[in-house]
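Q: just a sequence and a predicted model for now, questions to come.
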Amino acid sequence: MGIGIVHLGLGAFFRAHGAIYIEEAMARAGGDWGIVGVSLMRPDQRDAMKPMGYAYHAVEQGPAGEVPRLVTSVKDVLVAREDPGAVLALMASPGVKIVSLTVTEKGYCHVPATGALNAEHPGIVHDLSADLPQTAPGFLVRALQRRRAAGLRPFTVLTCDNLPQNGHVVARVVKELAARIDPGLADWIGAEGRFPSTMVDRIVPATRDEDIARLAGLGIKDAAPVFHEPFRQWVVEDDFVDGARPAFGPAVQLVEDVTPYELMKLRCLNGTHSSLAYLGYLAGFETVAQASSDPVFAAFLKKLWTTEIIPTLDQDYADYAAALLERYQNPGIRHRLWQIAMDGSQKLPQRILGTVADNLKAGLESPGLMLAIAAWMKYVSGVDERGQAIEVKDPLAAELKAASGSSDPVDAFLAIRAVFPSALAEDATFRKALTKARTVLAEKGAHEAVRSLI
Ligand code: CS2
C-alpha cells in the first residue's frame with residue numbers, strides 16, 4: 001500500500017480518531033492511503049512507535065472495560081525539526097493527495113479573535129525568509145510551492161482541529177503566507193486548492209506511564225498506545241482536490257457544510273469542557289469525570305446547556321447534551337482538567353465568547369459562562385484559591401499573568417485583542433457581567449459560586 005496522506009501533528013488524538021477511520025476505509029475499499037505522521041518538534045512519538053514499525057494499540061475504555069485494537073495505517077513517522085527537507089519532499093511527492101493536521105489551535109499561527117495570519121509570530125517570520133519551514137502553515141505553503149513548480153496538482157488540506165470553520169482558518173493563513181512569498185502561488189492555491197472544514201470528536205486523554213504499564217501487565221508491550229472513549233464522530237465537507245480521498249464508509253458523515261455540526265460541538269462540548277477545566281480545577285477536582293460527577297457541577301453543566309448554550313444553536317440539542325454528560329462521567333477515562341485548561345487564550349473565543357456574544361445580541365444573560373471566564377482569569381494568574389501555584393500553559397501566559405496583576409484586571413484582560421474582539425470588549429453589559437462574576441468567584445470560591453447559579 002502506498003502513502004497518500006501526510007499528517008502534521010501526530011498526537012494521541014489523531015491516532016485515536018482519523019487514523020482509525022482511514023484504516024477502516026482501506027479495509028473496506030483498499031487504496032493507497034497509508035499515512036506518514038509528522039511530529040513538528042519532538043522525536044518522542046517517533047521513537048516510541050518505531051519498535052513496532054509504527055503500529056500501535058488504540059484502547060477503547062467503555063462499559064466493557066478496556067478493549068485494545070491494533071492500528072496499522074501509520075506507516076512511518078518523521079520529525080520536522082530533525083529533517084524538514086524530508087518532510088517537504090514527501091509532501092511534494094506525486095502520491096500524496098491529502099495533508100491532514102492536528103496541530104492544536106495555536107499551530108495555525110493566526111490571531112484567534114480575527115482569523116488573520118499572525119505575521120509577527122516568530123515561526124512565521126522565520127518561514128517567510130527560509131526555504132525550510134518550522135510552522136504548519138510554512139510546510140503547507142512551501143510544499144504547495146514545490147508542487148506547483150513541478151507541475152503537480154495541490155494536495156487537499158484536511159484540518160482536524162477544534163476551530164470554527166477550520167478549513168477557512170487554514171485556507172486563510174496559507175493564502176496570506178503564500179501571498180507574502182509569491183502572489184502567483186497564492187492565486188494558484190486559491191483557484192486549485194481545497195480546504196474542507198471538518199468536525200472531529202472523541203475524548204482522548206494524554207497517555208500516562210501507568211497506562212502503558214497496565215497494558216504491559218495484560219501482555220501488550222506497546223510504548224505508544226492511545227486510550228479513548230467509545231464515542232466518535234467525524235463530519236467532513238466532501239470537497240477534495242479531484243475528489244481524491246479514502247472511500248469512507250457510513251462512519252464518516254460527508255456533508256456540504258459542516259458549520260452547524262461544528263457550532264454544536266464547539267459550544268456544547270468544548271465550551272463546557274473549558275468551563276469545567278477552570279471552575280473544576282479551582283474547586284479542587286483533577287479530572288473531568290470527577291468534576292462532572294459532583295452533583296453541583298452536574299447541575300451546573302445541565303444549566304449551561306439548557307439556558308445559555310443550546311438557545312444560541314440551530315436546533316434543540318437536548319439529547320446530545322445528555323449524552324455528553326454521560327461521556328464526561330465515564331469512570332474509565334481519566335481526562336485531566338489541567339490538560340483542557342491549556343492554551344485558553346486560543347480556545348475561549350470559539351468555545352465560550354461567541355456563545356456569550358450571541359446571547360448578548362438576543363438580550364440574554366450568560367451567568368454561568370461569565371463565571372467560567374472569570375475562573376479562567378483567576379487560573380491564568382498562576383495561583384489557585386488555596387494559594388498554590390498553577391502550572392499555566394498558554395502562548396500568551398506572560399501577557400495574561402501581567403493582566404491579572406494589573407490595577408484594573410477587567411480592563412487589562414479586555415484589552416487583549418487576540419482574545420476579546422473589540423465589539424465584545426467594549427460592550428458595557430458584558431463588562432459589567434464580567435466584573436460581577438469576578439466578585440462572586442472571589443467572595444464565594446469556585447464551588448460555592450457554581451452552586452449559587454444552579
Ligand atoms: C478538549 C478537547 O483538550 C481540550 O481542550 O476540550 O480536546 C476535547 O476532548 C475534544 O475536542 C473532544 O472531541
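A: Cool, the structure landed. Fair warning: this is a prediction, and the values are worked out from it, not measured in the lab.

Q: how close does P246 sit to the ligand?
A: Spatial separation of P246 from the ligand under the definition Cβ to the nearest ligand atom, to the nearest Å is 21 Å. Where C-beta positions appear, they are placed from N, C-alpha and C, glycine not excepted.

Q: just the closest residue of the stretch 101-250 of the chain to the ligand, please.
A: Among the residues of the stretch 101-250 of the chain, D201 lies closest to the ligand, at 3.9 Å counting by Cβ to the nearest ligand atom.

Q: nope, the stretch 351-454 of the chain is what I meant
A: The ligand sits closest to R351 of the stretch 351-454 of the chain, with a gap of 7.8 Å, by Cβ to the nearest ligand atom.

Q: is it correct that that residue falls within a helix?
A: Yes: assignment of R351 by DSSP: H, G, I helix; E, B strand; the rest coil places it within a helix.

Q: now do the contacts for it.
A: Residues near R351 by Cβ atoms under 8 Å, 6 or more residues apart in numbering: L266, R267, N270, G271, H273, S274.

Q: mind redoing it with 6 Å?
A: Contacts for R351 (Cβ atoms under 6 Å, 6 or more residues apart in numbering) come out as L266, N270, G271, S274.

Q: can you check A323 too?
A: Contact analysis of A323 by Cβ under 6 Å, 6+ apart lists nothing.

Q: which secondary structure element contains it?
A: Taking DSSP states H and E as the definition, A323 sits inside helix 318-329.

Q: what's the following helix or strand after that helix?
A: helix 337-341.

Q: so how far is that next one from its chain's centroid?
A: In terms of Cα atoms, centre = their mean, to the nearest Å, the centre of helix 337-341 is set 12 Å apart from its chain centre.

Q: that helix and the ligand, are they touching?
A: Yes: in terms of Cβ under 6 Å from any ligand atom, part of helix 337-341 sits within range of the ligand, namely Q339, I340.

Q: check the offset of the helix or strand that that helix is followed by from the chain's centre.
A: Next in sequence after helix 337-341, counting helices and strands by DSSP H and E, comes helix 344-348. Distance of helix 344-348 from the chain centroid (Cα atoms, centre = their mean) equals 10 Å.

Q: with stretch 142-154 instead?
A: For stretch 142-154 - counting by Cα atoms, centre = their mean - the centre lies 28 Å from the chain centre.

Q: out of the contacts of R351, flag the one nearest to D242.
A: Nearest to D242, judged by Cβ to Cβ, of those is L266 at 30.1 Å.

Q: burial of that closest one, as a residue count?
A: Summarising burial for L266: neighbours were counted as other Cβ atoms under 10 Å, giving 23.

Q: from A206, how far out is the residue of the stretch 1-150 of the chain found nearest the ligand?
A: When you check the stretch 1-150 of the chain against the ligand by Cβ to the nearest ligand atom, the closest residue turns out to be F13, at 6.7 Å. When distance is defined by Cβ to Cβ, to the nearest Å, F13 is 10 Å away from A206.

Q: try A428
A: Between A428 and A206 the computed distance is 41 Å (Cβ to Cβ).

Q: now A402: closest residue in space that isn't a chain neighbour?
A: Leaving out its chain neighbours, the residue that sits closest to A402 by Cβ to Cβ, 6 or more residues apart in numbering is A412, at 7.4 Å.

Q: next, the buried residues of stretch 335-342.
A: Along stretch 335-342, the positions that meet the burial threshold by neighbour count (16 or more other Cβ atoms under 10 Å) are H335, R336, L337, W338, I340, A341, M342.

Q: could you redo those as CSV and give each row pLDDT and distance to L453?
A: Conversion of the buried residues of stretch 335-342 to CSV gives the following (pLDDT from 0 to 100; distance: Cβ to Cβ, whole Å):
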residue, pLDDT, distance to L453
H335, 97, 23
R336, 98, 24
L337, 98, 19
W338, 98, 23
I340, 98, 20
A341, 98, 20
M342, 98, 25
